[in-house]
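# Give me coordinates for this.
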Amino acid sequence: MGFKWFFGLLTGYAAGMALAIKYQKDKKNKDASFLDEIVDIHKSAYSDVRDFVVMNFEDVETWDDLQAKGKEITDSFMTEVNSMKDSLAEKWVSKEAILEKVQNAYDRRMEILESGKAKAMEMIDSVNEETVNEWLESAKKSLDSSYQKAQKFFQNQK
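Numbers count the residues shown, from 1 in each chain. Here you go, the predicted model:
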């Protein structure tokens, strides 16, 4: 049974990789080698899973944990922007494409912060609504500030 299970798993993986390569949405270079495409697919899959795991409030149980998670989410925006800076330096990517990615990262974090407010409202017995709103406004201001810095940086690029 072990070999059949492993063979089935391996076959499914190979079929999934073939489909992912065939229908990869953001092809950067049509001349990229097969291995480069496999690496890109795994990197984007890892990034998506990491973002889901890191950027949600599902595992938060206390107000302090929620605040810490909110700070982690706003701080991770600049980390993502810095990786975009690196990709801009490494290969030719249009300024508009980078600005769109920055906007998407910003919008995604704003939605996550709103879900954090909903989670905080579930904890209403340990914290009042005014405190939650103050925290959310502070987090949004921090994210807005980082977003403005990122936009200025990328708009000044050639």
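
# Point out where the chain drops to low pLDDT.
1-4, 6-7, 9-10, 13-15, 17-54, 87-93, 124, 158 (pLDDT under 70).

# This protein: strands as residue ranges?
In order along the chain, the chain carries no strands (DSSP state E).

# Show me the helices in it, by range?
For the chain, helices defined by DSSP state H occupy the ranges 2-22, 34-54, 63-90, 95-122, 129-155.

# list the helices and strands the third one packs on?
Right, the one you point to is helix 63-90. helix 34-54, helix 95-122, helix 129-155 (3 or more C-beta pairs under 8 Å, 6 or more residues apart in numbering; DSSP states H and E). Where C-beta positions appear, they are placed from N, C-alpha and C, glycine not excepted.

# I'd like to know which of those lies nearest to residue 12.
Proximity to residue 12, assessed across these by C-beta to C-beta, is greatest for helix 34-54 (14.7 Å).

# ok, back up a step: relative to residue 11, which of the helices and strands packed on helix 63-90 is closest?
helix 34-54 (16.3 Å).

# Could you dump the helices and strands packed on helix 63-90 into TSV with distance to residue 67 added?
Converted to TSV, these look like this (distance: least, C-beta to C-beta, whole Å):
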stretch	distance to residue 67
helix 34-54	16
helix 95-122	9
helix 129-155	6
